[in-house]
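*Asks:* Let's see this in three dimensions:
(chains A and B)
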Amino acid sequence: MQRDKIFDKIRKNKPAAIEHPGSFRDKIEASVEEHYSKLLEQFKAIHIQVTELDGKEELRDYTRNMGELPEAKFAVAENGAVWLDDSNVRNRIDPFKVEKLTVTLQKKNIVADMHKAYQVRDLTDTGFGVFIAGPSKTADIEQSLVYGAHGPKEMEIILY
Amino acid sequence: MSQHAKYSKEFLADTIRADWQDQALWAVRRKRDIAVNEVPGWENLREHASLIKEHTLSELDYYLNQFEEEAAKNGAFVHWAGDADEFNQIMLQIIRNSGARKIVKSKSMLTEECGMNDFLQKHNIEITDTDLGERIIQLRDEPPSHIVLPAIHLMREEVSELFYERLDAEKGNSDPTYLTGVARKHLRTKFLTADMAITGVNFAVAETGSVVVCTNEGNADMGVHAAPVQVHCMGIEKLIPRTEDLGVFVRMLARNATGQALTAYTSHYRTAKPGGEMHIIIVDNGRSEHLGISKYWKSLKCIRCGACLNTCPVYRRSGGYSYGSVIPGPIGSILAPVREIKRKNDLPFASSLCGSCTAVCPVKVNIQEQLYLWRQEISEKKLLPLKKRIALSVAGYFLSSNALYNFAGKMARWAVKRMPPGLLYSRINAWGRDRELPEAPPDSFKNWYRKNHKQHAKG
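*Replies:* Predicted coordinates:
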């Protein structure tokens, strides 16, 4: 069996055991406020439109005519990414096929970096999850940045 | 002349294009530096990533086994391919079983390695590359010239002409936004009517049986979520142990590749969609052998970020096609000889050994060291082209004798001073073909030292 042949070769050839270095100790100890302003900076840098609201009431008013909007589980301050998965999208293709992606996010759900992000969310309880860091883009033609390659051309995040 | 040197010469003949490509790639390198400098713990990340990969490779059988078990629990079908032929056959079988006729594919260097597109086309299966750069070269019937930026060698006018001919675009409109819009419309239909989507794998997580795919365009997701069947292709070395480890790699990949903090989409596929089917094909194709070579196994750590290509002065000035290898550039030059040392005996020499590649590698592959080790091995195995063997022999002869070395130095200084340029820059002087020789010093260092050392030593 092919599988067995491959495993045999690996067992025979693998180098002497090297220890796993353990968890990465990140030195970022910033305050929540610093995370928030860093997050807004990142959103701007990656071409995400930001709407800041105050609480659920304002959210309801603002999004009244927008239909059902996915709410991101959390955002990552170091890169402006938001996490969506099976629990907050109806069909997996939804966040990709729209011309403009609009996502809501509670202001308290911000983590500092990707290390924290992978701790927050237990990825084993979703069949699909994605970090989305801005609208779809490409620079494949002469390194010119163009938005909306296949996914959305625009992205808006409504913070409340 | 070595193969790489020959092709590079052709590439450099078009000086405008060569300069343009050099600058384009260096700009990407500069973007990388800016992004990297924003991460205070960057060197720690590199060390950590390097150790995670080394650990994983040293226990690869354990992790592959865990990955397979978890994937199976998730309802995914896991297939094992010993080599490229087996991989293609397995893919064909999956296609036949599902009745798929139209397939979309997001970036996968592994499928390039196995020649999958050609193989499937021979069996009359329509396969469309959906990454914009990949689609462009697919329409031109060319291989990728860079592992991350496949169409970096093309100018917008060429893309415009191509789209005019093949995609009904306006003639003469080379605005990248317009052209991207043309591709978006064209590929949309492909996505929505595809029976199957094939992707590569950036990272495979043993702990959860998931595969992670990073794109900026969202083309992997458009394909995977629209088609009923999804197939993910990976080499055995793509594995990492735990979800937590992803943090380290995902923070580094985009920054090192294109200077972004993160790609627009970092997708984690664990299960098929309701009613769908998920397959994972795990490929060996020489990697398990490579694992056993103590001098070279560490190049299996590579996460295919492309930074070594962008920084390499030789790659930037010779282009991806000069290497004759699926993966070009510094990493390609140490991977290709593992399987084909005879045919790829020129690649380890396509380098100035400047070490920039090693410096930018996020997983600390000792590229420049391995290039040097390969040169030694190629030389020992007498696989050097005859001219080079002779030249090195002669050089060795002169370098091993004090008297001869001094004599050679004296002759060289005399020649540079006294020889008529016509003779000095004759065909034999390969180095002088595009460069001016330096001015000859008045004396050799040895003599200078002998004279001056005595003076200083007196006090």
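
*Asks:* Now residue B:365. Its backbone dihedrals?
*Replies:* phi -70, psi 130 (degrees, to the nearest 10).

*Asks:* now residue B:22
*Replies:* phi -60, psi -50.

*Asks:* correct me, but it touches residue B:316?
*Replies:* Yes. Between residue B:22 and residue B:316 there is a contact at 4.5 Å, judged by C-beta atoms under 8 Å. C-beta coordinates here come from the backbone N, C-alpha and C atoms, glycine included.

*Asks:* Comparing those two, which residue is more hemmed in?
*Replies:* Neighbour count, other C-beta atoms under 10 Å in any protein chain shown: between residue B:22 and residue B:316, residue B:316 has more, with 21 against 17.

*Asks:* list the contacts for the more buried one?
*Replies:* For residue B:316, the contacting residues are B:21-22, B:25-26, B:310, by C-beta atoms under 8 Å, 6 or more residues apart in numbering or on different chains.

*Asks:* From residue B:19, how far out is it?
*Replies:* Distance, residue B:316 to residue B:19, using C-beta to C-beta, to the nearest Å: 10 Å.

*Asks:* Over to residue B:254?
*Replies:* 27 Å.

*Asks:* ranges for the helices of the stretch 301-450 of chain B?
*Replies:* B:307-311, B:313-316, B:329-339, B:356-360, B:367-380, B:386-399, B:402-418, B:421-424, B:445-458 (DSSP state H, counting those that start in this stretch).

*Asks:* ranking these by burial, who's on top?
*Replies:* helix B:307-311 (a mean of 28; mean count of other C-beta atoms under 10 Å in any protein chain shown).

*Asks:* Summarise which helices and strands that helix is packed against.
*Replies:* helix B:15-37, helix B:313-316, helix B:329-339, helix B:356-360 (3 or more C-beta pairs under 8 Å, 6 or more residues apart in numbering or on different chains; DSSP states H and E).

*Asks:* Report the buried residues of stretch A:93-105.
*Replies:* A:93, A:95-97, A:101-105 (16 or more other C-beta atoms under 10 Å in any protein chain shown).

*Asks:* ok now it, how far from the chain's centre?
*Replies:* Relative to its parent chain, stretch A:93-105 has a centroid offset of 12 Å by C-alpha atoms, centre = their mean, to the nearest Å.

*Asks:* likewise stretch B:173-181?
*Replies:* 28 Å.

*Asks:* which regions of chain B sit below the pLDDT cut-off?
*Replies:* B:1, B:455-459 (pLDDT under 70).

*Asks:* What is the burial count for residue B:193?
*Replies:* Residue B:193 sits with 12 neighbouring residues when counted by other C-beta under 10 Å.

*Asks:* quick one: it from residue B:223, how far?
*Replies:* 11 Å.

*Asks:* thought residue A:21 was touching residue B:54?
*Replies:* No. The pair residue A:21 / residue B:54 is not scored as a contact, 9.2 Å apart, by C-beta under 8 Å.

*Asks:* Which residues are in contact with each of the two?
*Replies:* With C-beta under 8 Å, 6+ apart as the test, residue A:21 and residue B:54 reach no residue in common.

*Asks:* Show me which of those two is the more surrounded one.
*Replies:* Between residue A:21 and residue B:54, residue B:54 has the larger neighbour count (other C-beta under 10 Å), namely 22 against 17.

*Asks:* what sits against that one?
*Replies:* A:15, A:18, B:298, B:301.

*Asks:* closest to residue A:66 among these?
*Replies:* Nearest to residue A:66 among the contacts of residue B:54, counting by C-beta to C-beta, is residue B:301 at 45.9 Å.

*Asks:* what about that closest one, neighbour count?
*Replies:* Residue B:301 has 21 nearby residues by other C-beta under 10 Å.

*Asks:* try residue A:51
*Replies:* 15.

*Asks:* again with residue B:342
*Replies:* Count around residue B:342 with other C-beta under 10 Å applied: 9.

*Asks:* separation between it and residue B:410?
*Replies:* Taking C-beta to C-beta, one finds residue B:342 at 40 Å from residue B:410.

*Asks:* try residue B:149
*Replies:* 49 Å.

*Asks:* Identify the residue with the minimum pLDDT among the buried residues of stretch A:93-105.
*Replies:* When the buried residues of stretch A:93-105 are compared on pLDDT, residue A:97 comes out lowest, with 94.

*Asks:* so what's that residue up against?
*Replies:* A:151, B:222.

*Asks:* try it again with 10 Å
*Replies:* A:91, A:150-152, B:188, B:191-192, B:218, B:221-222, B:225-226 (C-beta atoms under 10 Å, 6 or more residues apart in numbering or on different chains).

*Asks:* Ok, residue A:159 next?
*Replies:* Here residue A:159 is in contact with A:36, A:39-40, A:43, A:50-54, A:59, A:75, A:103-107, A:109-110 (criterion: C-beta under 10 Å, 6+ apart).

*Asks:* tell me the centre residue of chain A?
*Replies:* Centroid-nearest residue in chain A, with C-alpha atoms, centre = their mean: residue A:131, separated by 2.3 Å.

*Asks:* separation between that one and residue B:93?
*Replies:* In this view, residue A:131 and residue B:93 are 33 Å apart by C-beta to C-beta.

*Asks:* And residue B:222, by the same measure?
*Replies:* Relative to residue B:93, and taking C-beta to C-beta, residue B:222 is found at 25 Å.

*Asks:* Just give the closest residue to residue B:317, not the sequence neighbours.
*Replies:* residue B:22 (5.5 Å; C-beta to C-beta, 6 or more residues apart in numbering or on different chains).

*Asks:* In this structure that neighbour contacts residue B:315, no?
*Replies:* Yes. Using C-beta atoms under 10 Å, residue B:22 is in contact with residue B:315, at 9.5 Å.

*Asks:* quick one, strands of the stretch 151-300 of chain B?
*Replies:* Secondary structure of the stretch 151-300 of chain B, counting by DSSP state E, counting those that start in this stretch: strands at B:196-199, B:203-205, B:210-215, B:229-235, B:239-240, B:265-269, B:277-283.

*Asks:* Tell me how many other residues surround the residue nearest to residue B:373 when sequence neighbours are not counted.
*Replies:* Leaving aside its sequence neighbours, residue B:373 sits nearest to residue B:295 (C-beta to C-beta, 6+ apart; 5.1 Å). By the criterion of other C-beta under 10 Å, residue B:295 has 14 neighbours.

*Asks:* ok, now residue A:23?
*Replies:* 14.

*Asks:* Is residue A:51 located within a strand, as I assumed?
*Replies:* Yes. Counting by DSSP: H, G, I helix; E, B strand; the rest coil, residue A:51 is located in a strand.

*Asks:* the helices in chain A, which residues?
*Replies:* Using DSSP state H, the helices of chain A run over A:2-13, A:32-45, A:55-62, A:94-97, A:114-120.

*Asks:* From chain A, how far out is the residue most central in space within chain B?
*Replies:* Taking C-alpha atoms, centre = their mean as the criterion, residue B:327 is the residue nearest the geometric centre of chain B, at 4.3 Å. Going from residue B:327 to chain A by C-beta to the nearest C-beta, to the nearest Å gives 19 Å.

*Asks:* And for residue B:210?
*Replies:* Taken as C-beta to the nearest C-beta, the span from residue B:210 to chain A is 7 Å.

*Asks:* which residues does that residue contact?
*Replies:* Contacts of residue B:210 (C-beta under 10 Å, 6+ apart): A:123-124, A:126-129, B:67, B:70-71, B:74, B:76, B:201, B:203-204, B:232, B:243, B:246, B:267-271, B:280.

*Asks:* at 6 Å what do you get?
*Replies:* B:268, B:270 (C-beta atoms under 6 Å, 6 or more residues apart in numbering or on different chains).

*Asks:* Okay, and the beta partners of it?
*Replies:* residue B:205 (DSSP bridges).

*Asks:* Which of the buried residues of stretch A:93-105 lies at the shortest distance from residue B:423?
*Replies:* Nearest to residue B:423 among the buried residues of stretch A:93-105, counting by C-beta to C-beta, is residue A:96 at 66.6 Å.

*Asks:* and that closest one, how far is that from residue B:341?
*Replies:* 44 Å.
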